[in-house]
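A.B. asks: dropping a prediction and its sequence here:
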Amino acid sequence: MNAFVRQTSTTAVLSLVFGILGWIAIPFIGSIVAVICGHMARSEIRRAPASTIEGDGMALAGLILGWSMLILSILAIVAMFMFFGGLAFIAALGAH
């Protein structure tokens, strides 16, 4: 009996690791790397013949972690601009 040895995709593991690092240590850069590696891993897994590469779940988890941190970061930046812009507007009204 010959059993196929399924290898885990290295880019899927990297996606998951950087997705976690994006939430813990390096928010923006880690999230970007997680998203890029996640998309690369999922395409690599789909193109592999006869499901010889596994790790789609890890790649998907890295994508979710990466995209969610990127979206939250962008929303936080927009909120800061709106807050400080509102303060500047109020200060400008008070100066007249």
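C.D. replies: Ah, there it is.
A.B. asks: helices of this protein, start to end?
C.D. replies: 10-24, 27-47, 56-94 (DSSP state H).
A.B. asks: quick one, which of the ones you listed is packed in tightest?
C.D. replies: helix 10-24 (a mean of 21; mean count of other Cβ atoms under 10 Å). The C-beta positions use only the backbone N, C-alpha and C, and glycine is treated the same way.
A.B. asks: other SSEs contacting that one?
C.D. replies: Judged by 3 or more Cβ pairs under 8 Å, 6 or more residues apart in numbering; DSSP states H and E, helix 10-24 is in contact with helix 27-47, helix 56-94.
A.B. asks: so where's this protein uncertain?
C.D. replies: 1-3, 95-96 (pLDDT under 70).
A.B. asks: out of the helices and strands packed on helix 10-24, the one nearest I20 is which?
C.D. replies: helix 56-94 (6.5 Å; Cβ to Cβ).
A.B. asks: please compute how far the closest one lies from its chain's middle.
C.D. replies: Its chain's C-alpha centre lies 14 Å from the corresponding centre of helix 56-94 when counted by Cα atoms, centre = their mean, to the nearest Å.
A.B. asks: and the helices and strands packed on helix 10-24 as CSV, adding distance to T10?
C.D. replies: Compiled in CSV, these are given as follows (distance: least, Cβ to Cβ, whole Å):
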stretch, distance to T10
helix 27-47, 8
helix 56-94, 10
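A.B. asks: so for V5, which of these sits nearest?
C.D. replies: V5 sits nearest to helix 27-47 of all the helices and strands packed on helix 10-24, at 15.4 Å, using Cβ to Cβ.
A.B. asks: show me what that closest one is packed against.
C.D. replies: helix 10-24, strand 53-54, helix 56-94.
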